[in-house]
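below: sequence and its predicted model.
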Amino acid sequence: MAQPGSKWPGSKWNDQRVEGMLGTLLQTGVVISGIVVLAGGVLYLLRYGRVPAHYETFDARRGSLRDVLGVMRNAWHGDGRAIIQCGLLLLIATPVARVLFSMIGFALEKDRLYVLLTLIVLVILLYSLLGGAA
């Protein structure tokens, strides 16, 4: 017998379960990214908190933090700025993971139209994130 909200008999995937999992995914992503940013901020303040700021020599082009691998490498070595940036990358990745998970949920429900629409949204998201709209 089919579960409520399910299109196929015996399916464990229904709209309510997918929505609950998506909500948990979003909450978890935001909380984890916040914890990572907070930890990076604490490390940054412990290391540079007493150093006076020199606003006249701002350089936004720090080479080691311009790509994901550089950020991960520096975060692994305890660089507070890189850890903060990792948290922000996690925050950006959270809605992308939501769209990807939605597509998987629609595929398991065998809803081809929504799989196609979600795939289009995912492609647009990834295109914009990877600098295609520069």
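All right, it came through fine.

what number of residues lie near residue 43?
As a burial measure, residue 43 scores 18 neighbours (other CB atoms under 10 Å). (C-beta placed from N, C-alpha, C; glycine too.)

dump the residue contacts of residue 124.
Taking CB atoms under 8 Å, 6 or more residues apart in numbering as the contact definition, residue 124 lies against nothing.

by mean pLDDT, flag the weakest helix or strand of this structure.
Ranking every helix and strand in the chain by mean pLDDT, DSSP states H and E puts helix 68-76 at the bottom, with a mean of 86.

show me which positions of whichever helix or strand comes after it end up buried.
Next along the chain after helix 68-76, taking DSSP states H and E as the criterion, comes helix 80-108. Under the neighbour-count criterion of 16 or more other CB atoms under 10 Å, helix 80-108 has 80-87, 89-91, 94, 98-103, 105-106 buried.

one more: stretch 122-134?
residue 125.

for stretch 21-40, same thing?
22, 25, 29, 33, 36, 37, 39, 40.

now for the residue nearest the centre of the chain: which residues touch it?
Nearest to the geometric centre of the chain sits residue 93, at 1.7 Å (CA atoms, centre = their mean). Contacts for residue 93 (CB under 8 Å, 6+ apart) come out as residue 29.

roughly how far apart are it and residue 18?
Note on residue 93: its distance to residue 18, by CB to CB, to the nearest Å, is 19 Å.

residue 24 too?
11 Å.

flag the least confident of the buried residues of stretch 21-40.
Of all the buried residues of stretch 21-40, residue 22 carries the smallest pLDDT score, 86.

that one against residue 97, yeah?
No: assessed by CB atoms under 8 Å, residue 22 is found out of contact with residue 97, at 9.5 Å.

residue 120: which of the buried residues of stretch 21-40 is nearest?
Checking those against residue 120 with CB to CB, the nearest one is residue 22 at 18.1 Å.

so which strand or helix has the closest one?
In this structure, residue 22 sits in helix 15-48 according to DSSP H and E.

again, but for residue 123
Short version: residue 123 belongs to helix 112-129, going by DSSP H and E.

and that helix with helix 80-108, angle?
On the basis of axes from the mean of the first three to the mean of the last three CA atoms, to 10 degrees, helix 112-129 is oriented at 160 degrees to helix 80-108.
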